[in-house]
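Chemist: Quick one: sequence plus predicted model below, questions after.
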Amino acid sequence: NSSSFPPSDWVETTLGEVVFPVSETFNFKGKDKVHFLNTGDILEGKLLHQNLSDISSLPGQAKKTFQQNDILFSEIRPVNKRYMFVNFDSSNSVASTKLMVLRGKKNIDINFIYNLITSNNILQEFQIIAESRSGTFPQITFESIANFPILLPPLPEQQAIVSVLSAFDDKIELLREENKTLEELGQVIFKEWFGKYGVDDALPEGWRVGKLGEVVKFVQGTQVLSEYQIEEQKENYDKFLRIVDYMSNFSEKPRYIPKKDSNTYCNEDEIIMVRYGEVGFVGRRMAGVFANNLFKISPKEPMNNDFLNYFLKSNDIQQYIKNNSAGSALPAIKHSTVGDIELVIPPKNVLEEFREFAQKTERKILDNNSQIQSLARSRDELLPRL
């Protein structure tokens, strides 16, 4: 009966009443190497590496300690989904000061809170809070979200909701793992086809050495603004719902871009690259207006997106991009620097043959992505109903 919602034993509370921030300093005594986690080292609940770093090489922000069952949540751009639930032994791990460490209070299933604050609707709300603060980039603090309202069911119901959502998460994870395997297989095949020739080697007839900038066109992303940021200037802006920002995050609330930047749209087949922060991240199947932290890489004849996709994701190119990024706090890459990359350019017939092979893999990845998006939507729609 909708008139009885919320049930009498559900509590209207705030985020600050159910979790608290932890700012304990990591103890480096007796350690030579540690596992350092910055904002770029976690994504949508995933730990992206377990590498150990020499203590002498750590940046100044490597300070925070955390423990199992804590939540790590990036202060920077919440919609980038840099968060995770700590489910591993963290005794030798240290977190960046740019990651909030959140710990649950008594009678709270911290997994319930984790599911709640990482749902798309709440991430969008946090992003609006971040954008409303002055600073170099959109950022939240615990104080800015502590009063965020939460409807809290009793502990047994929190646990039951988590159980239902976990079934969705498990299926999504299986599909992501399959896509990862397909991507790795594609890289192996790409290397077999094209890895045997370097820019200094003798090449078969029709093959040549050139710069990436000769065979692609770069398009810079645009500034994306929310409604309150433009106010009386709406006539100079176009409204969009699908805004691509870093990891294929699509806004659920209208965003505005200058009309002069209407060409900053990518379709699902095109490639975008992150230009600062997570430099070198290559995205595909991400149709929408792309923000100014990205640029689009469009092929010229005879080049095609399938070759570019694997070329730009290869380890050598990713390392080149990281080595040639400027800035320590927020690394940035210029598209002119990417354009200077030398490569062996195969003839059109070879590029087309590879494209035919790659698209079979891409179709499977695309199908899996569609399932992932459908499951994620269902999950996000189910959470408030539960």
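Modeler: That came in fine, so what should we check first?
Chemist: drop to CA atoms for contacts and neighbour counts, all remaining ones
Modeler: Noted.
Chemist: which stretches of the stretch 101-250 of the chain have low pLDDT?
Modeler: Applying pLDDT under 70 to the stretch 101-250 of the chain picks out residues 232, 241, 245-250.
Chemist: can you give me the strands in it?
Modeler: 149-152, 208-211, 216-220, 237-240, 243-244 (DSSP state E, counting those that start in this stretch).
Chemist: Let me know which of those is the nearest to F354.
Modeler: With distances scored as CA to CA, the stretch of the strands of the stretch 101-250 of the chain nearest to F354 is strand 208-211 (17.0 Å).
Chemist: how far is the closest one from where the chain is centred?
Modeler: Taking CA atoms, centre = their mean, to the nearest Å, one finds strand 208-211 lying 32 Å from the centre of the chain it belongs to.
Chemist: same deal with stretch 36-44?
Modeler: 10 Å.
Chemist: on that earlier part again, which one of the strands of the stretch 101-250 of the chain has the most crowded surroundings?
Modeler: Stretch with highest mean neighbour count among the strands of the stretch 101-250 of the chain: strand 243-244 (a mean of 24; mean count of other CA atoms under 10 Å).
Chemist: That one pairs with which strands, parallel or anti?
Modeler: In the sheet, strand 243-244 lines up against strand 288-290 (parallel) (DSSP bridges).
Chemist: Show the subsequent helix or strand relative to the partner strand.
Modeler: Later in the chain than strand 288-290, the nearest helix or strand by DSSP states H and E is strand 294-299.
Chemist: packing partners for that following strand?
Modeler: Here strand 294-299 touches strand 216-220, strand 271-274, helix 305-313, going by 3 or more CA pairs under 8 Å, 6 or more residues apart in numbering; DSSP states H and E.
Chemist: how about 10 Å then?
Modeler: Contact here means 3 or more CA pairs under 10 Å, 6 or more residues apart in numbering; DSSP states H and E; on that basis strand 294-299 packs against helix 212-215, strand 216-220, strand 265-266, strand 271-274, strand 282-284, helix 305-313, helix 335-339.
Chemist: looking at the ones you listed, which has the lowest confidence?
Modeler: Ranked by mean pLDDT, the helices and strands packed on strand 294-299 bottom out at strand 282-284, with a mean of 79.
Chemist: Please name the strands paired to that one in the sheet, noting orientation.
Modeler: As defined by DSSP bridges, the strand partners of strand 282-284 come to strand 271-274 (antiparallel).
Chemist: Could you export the strand it pairs with as PDB, CA atoms only?
Modeler: Written as PDB, here are the backbone C-alpha positions of strand 271-274 (Å, rounded to 0.1, in the frame of the first residue of the first chain):
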ATOM      1  CA  ILE A 271      37.100   6.800 -30.400                       C
ATOM      2  CA  ILE A 272      37.700   9.300 -27.600                       C
ATOM      3  CA  MET A 273      40.700   9.700 -25.400                       C
ATOM      4  CA  VAL A 274      41.100  11.300 -22.000                       C
END
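Chemist: The nearest residue to K239 once chain neighbours are set aside: what secondary structure?
Modeler: Leaving aside its chain neighbours, K239 sits nearest to Y256 (4.6 Å; criterion: CA to CA, 6 or more residues apart in numbering). Three-state assignment for Y256 (DSSP: H, G, I helix; E, B strand; the rest coil): strand.
Chemist: Quick one: the helices in the protein, in order.
Modeler: Assigned by DSSP state H, the helices in the chain fall at 15-18, 110-117, 120-131, 142-145, 155-194, 212-215, 227-230, 305-313, 315-323, 335-339, 348-385.
Chemist: Now do the residue lying farthest from the centre of the chain against S298, distance only.
Modeler: Using CA atoms, centre = their mean, the residue of the chain lying farthest from its centre is E205. It sits 41.1 Å away. The gap separating E205 from S298 is 26 Å, by CA to CA, to the nearest Å.
Chemist: just E44 next, same as before
Modeler: Distance, E44 to S298, using CA to CA: 28 Å.
Chemist: which of these two has more neighbours?
Modeler: Using other CA atoms under 10 Å as the criterion, E44 and S298 rank with S298 on top: 19 against 14.
Chemist: Report the beta-bridge partners for the more buried one.
Modeler: When bridges are called by DSSP bridges, S298 pairs up with K217.
Chemist: related to what we said a few turns ago, gap between the residue nearest to K239 and I108?
Modeler: Going from Y256 to I108 by CA to CA gives 39 Å.
Chemist: higher neighbour count, these two?
Modeler: Neighbour count, other CA under 10 Å: between Y256 and I108, Y256 has more, with 22 against 19.
Chemist: Name whatever forms a beta bridge with the more buried one.
Modeler: For Y256, the beta-bridge partners are L225, K239 (DSSP bridges).
Chemist: I'd say it and F290 touch.
Modeler: No - Y256 lies out of contact with F290 (CA atoms under 10 Å); the separation is 11.5 Å.
Chemist: Now do the shared contacts for these two.
Modeler: Counting by CA atoms under 10 Å, 6 or more residues apart in numbering, the shared contacts of Y256 and F290 are 222-224, 243.
Chemist: just the residues you listed now: which is nearest V164?
Modeler: I243 (29.8 Å).
Chemist: Leaving out sequence neighbours, find the closest residue to M84.
Modeler: Once flanking residues are discounted, M84 sits nearest to G45: 3.7 Å by CA to CA, 6+ apart.
Chemist: and that neighbour, what does it touch?
Modeler: 71-73, 81-87, 114, 118 are the contacts of G45 under CA under 10 Å, 6+ apart.
Chemist: now, the most widely separated pair of the residues you listed?
Modeler: K81 and N87 (17.5 Å).
Chemist: And those two? Which one has more around it.
Modeler: In this view K81 and N87 are compared by other CA under 10 Å, and K81 has more residues nearby, 22 against 13.
Chemist: show me what contacts the nearest residue to E268 once chain neighbours are set aside?
Modeler: Leaving aside its sequence neighbours, E268 sits nearest to R285 (CA to CA, 6+ apart; 4.0 Å). Taking CA under 10 Å, 6+ apart, we find R285 in contact with 248, 266-272, 362, 365-366, 369-370.
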